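return atomic coordinates for the entry below.
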Amino acid sequence: MKIRAELTFPGKLKDDPILCNLCKEFLVTMSILEASFSTDTGWAVVILEGNKEELNKTLNFLKTTGVEIQSSQELH
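I've put the predicted structure just below:
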């Protein structure tokens, strides 16, 4: 299963390796399609691939760390 997600990162997370940790903590692979980061905020458009349970865990992890998920959609 693949999903495309648009993520926004608050400035307080700028020094945290959140995207790197996703691939270490969960059984997902990630492709970054676009991204931009500054000291105040950041955003990324990513493709996450894995089974449904791991993808749900990944999205929940992002939410609990303070990353806003602007949208996510399943890809076919």
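
give me the helices and strands touching the helix or strand bottoming out on mean pLDDT in the chain, please.
When each helix and strand of the chain is scored by mean pLDDT, DSSP states H and E, strand 68-75 comes last, with a mean of 90. Helices and strands touching strand 68-75, by 3 or more CB pairs under 8 Å, 6 or more residues apart in numbering; DSSP states H and E, are strand 2-10, helix 52-65. In this view, the C-beta of every residue, glycine as well, is placed from N, C-alpha and C.

for the longest one, which positions count as buried?
With burial defined by 16 or more other CB atoms under 10 Å, the residues of helix 52-65 counted as buried are 54-55, 57-59, 62.

same for it, what does it pack against?
Contacts defined by 3+ CB pairs under 8 Å, 6+ apart place helix 52-65 against strand 2-10, helix 18-25, strand 68-75.

E49: which of the ones you listed is closest?
Proximity to E49 (CB to CB) singles out strand 2-10 among the helices and strands packed on helix 52-65, at 4.7 Å.

flag every buried residue along that closest one.
Buried residues in strand 2-10, defined by neighbour count with 16+ other CB under 10 Å: 3, 5-7, 9.

how far off centre is stretch 12-29?
The chain centroid and the centroid of stretch 12-29 are separated by 8 Å, computed with CA atoms, centre = their mean, to the nearest Å.

which residues are contacting it?
9, 30, 32, 37, 39, 42, 44, 46, 48-51, 54-55, 57-58, 61-62, 65-67 (CB atoms under 8 Å, 6 or more residues apart in numbering).

if we use 6 Å, what do you get?
Stretch 12-29 is contacted from outside by 30, 48-50, 54, 57-58, 65-66, using CB atoms under 6 Å, 6 or more residues apart in numbering.

I am finished for the moment; much appreciated.
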